[in-house]
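# mind looking at a prediction? Sequence and model below.
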Amino acid sequence: MTPRVALPPTESSAVGGRTGMRKLPPLNALRAFEAAARHMSFTQAARELHVTTTAVSHQIRHLEEVFGLILFTRSPRGLQLTDAGEHLYPVLRDGFDRFAVAVQELARKSAASTLTISATLAFAERWLIPRLPAFRAAESDIELSLNADDRILDLRGGEADAAIRYGRGPYPGLRSELLLEDRFIAVCSPALVTRKFEPLRSPADLGRHALIHYQWKNPAIAGPSWSDWLDAIGTTGVDPSKGPRFSEEAHAVQAAVGGQGVALCSQVLVADDIAAGLLAQPFKQSIKGLAFHLVYLDASPRGARSTSSQHGSDPSCSRWHRRSSP
């Protein structure tokens, strides 16, 4: 008759469909035994568990003391399970396997609830972040992760699930939804418009004010310059190269808010500041810019660990579009 392993007493009173606290041997000892029995080697078990062979041996000896039974024997053929070990091993193996499956399932569910969006620094700061509370309220089941970076991230490589791109399109290999069309306008502090000394009444007055410039990060889609804007509206006598220069668009906007000059900006990115009275649009003239598109993959190369497939075909990205649009 095969000796049965006598486990320590277990409390099994049911409370709400669940058993009470189980009194089991130490988990580390059970893990050490299961790994050693699976590999039939203390050395291989030690490598898997990142401990020493001596530590594995001590854990198994402790388990044998708890049960009062020998679990392994050594023979010329190597390590062998005793009848008690043969009885215990499949129970632990199956239990640890089920535990691993449950942990992986939880990890997949956690990953599936996170949507990583990439956007440029300026768009993230000036348009996207102020609108995140409304999106979170509408899509409470999605954890949003925002990656603000002027680099074009590799969606196929898993750097993000979706991106907001500024350009003409199309975007080969990606699904694309138009978010916002853009125009470029001159903006400044309201004080520059209303002041008595050299007020801004017409584009010709720009000759007496500093023109604020900023650097475009992507030369392939360089936006309009002061020279383009002045030529488009037919204004002459204004030097389009004068004025301070900034590496970041957001800094140029902040300089305009501070009254340091007039900036030529994306209407999308300064609309909130104009509405709040921080900036003014002294002239009605504008020139066409590009457009903001939401892009994402049809299918994810990262499989079940990614949200790209779910937020692409399942219309979470479309919901993002609707929630973010004005």
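Right, received. Where do you want to start? Numbering: from 1, shown residues only.

# hang on, residue 80 in a strand?
Yes: under DSSP: H, G, I helix; E, B strand; the rest coil, residue 80 falls within a strand.

# does the residue nearest to it when sequence neighbours are not counted count as helix, strand or coil?
Spatially, and ignoring its direct neighbours in sequence, residue 80 is nearest to residue 73 (5.0 Å; C-beta to C-beta, 6 or more residues apart in numbering). For the C-beta atoms, the positions are set from N, CA and C on the backbone; glycine is no exception. Assigned with three-state DSSP, residue 73 falls in the strand class.

# list the contacts of residue 73.
Going by C-beta atoms under 8 Å, 6 or more residues apart in numbering, residue 73 touches 79, 80, 82.

# for PyMOL, what selects the buried ones among those residues?
In PyMOL syntax, the buried subset of the contacts of residue 73 is picked out as below (16 or more other C-beta atoms under 10 Å):
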select buried, resi 79+82
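
# and which of the contacts of residue 73 is nearest to residue 258?
residue 79 (76.0 Å; C-beta to C-beta).

# can you get me a residue count around the residue lying closest to that closest one once chain neighbours are set aside?
Leaving out its chain neighbours, the residue that sits closest to residue 79 by C-beta to C-beta, 6+ apart is residue 40, at 5.0 Å. Per other C-beta atoms under 10 Å, the neighbour tally for residue 40 reads 14.

# what sits against residue 40?
Neighbouring residues of residue 40 by C-beta under 8 Å, 6+ apart: 78, 79, 80, 81.

# tell me where the chain has strands.
72-75, 78-81, 114-119, 143-148, 162-167, 175-187, 211-214, 245-246, 262-266, 286-296 (DSSP state E).

# any idea which of the ones you listed is most buried?
strand 262-266 (a mean of 27; mean count of other C-beta atoms under 10 Å).

# what pLDDT does residue 1 get?
pLDDT for residue 1: 44.

# now swap in residue 21 and tell me
At residue 21, the model reports a pLDDT of 58.

# ditto for residue 93
Looking at residue 93, its pLDDT reads 89.

# show me what contacts the nearest residue to residue 289 once chain neighbours are set aside?
Excluding the flanking residues, the one nearest residue 289 by C-beta to C-beta, 6+ apart is residue 182, at 3.6 Å. By C-beta under 8 Å, 6+ apart, residue 182 lies in contact with 166, 266, 267, 268, 288, 289, 290, 291, 292.

# for this protein, what helix or strand is lowest in average pLDDT?
Lowest on mean pLDDT, DSSP states H and E among the helices and strands of the chain sits helix 308-313, with a mean of 40.

# where are the low-confidence patches of the stretch 1-150 of the chain?
Scanning the stretch 1-150 of the chain for pLDDT under 70 picks out the ranges 1-22, 105, 107-112.

# what about 80?
Across the stretch 1-150 of the chain, the ranges flagged by pLDDT under 80 are 1-24, 101-114, 136-142.

# which stretches in it count as helices?
With DSSP state H, counting those that start in this stretch as the criterion, the stretch 1-150 of the chain has helices at 27-39, 42-49, 53-67, 83-112, 121-123, 132-138.

# please state the offset of the shortest one from the chain centre?
Spelled out, it's helix 121-123. Helix 121-123 sits 16 Å away from the centroid of its parent chain (C-alpha atoms, centre = their mean, to the nearest Å).

# just the buried positions in it, please.
122, 123.

# same check, this time on the first one
Burial within helix 27-39, assessed by neighbour count using 16+ other C-beta under 10 Å, is assigned to 28, 29, 30, 31, 32, 33, 34, 35, 36, 37.

# list the helices and strands it packs on?
Here helix 27-39 touches helix 42-49, helix 53-67, helix 83-112, going by 3 or more C-beta pairs under 8 Å, 6 or more residues apart in numbering; DSSP states H and E.

# what's near enough to touch residue 250?
121, 122, 125, 126 are the contacts of residue 250 under C-beta under 8 Å, 6+ apart.
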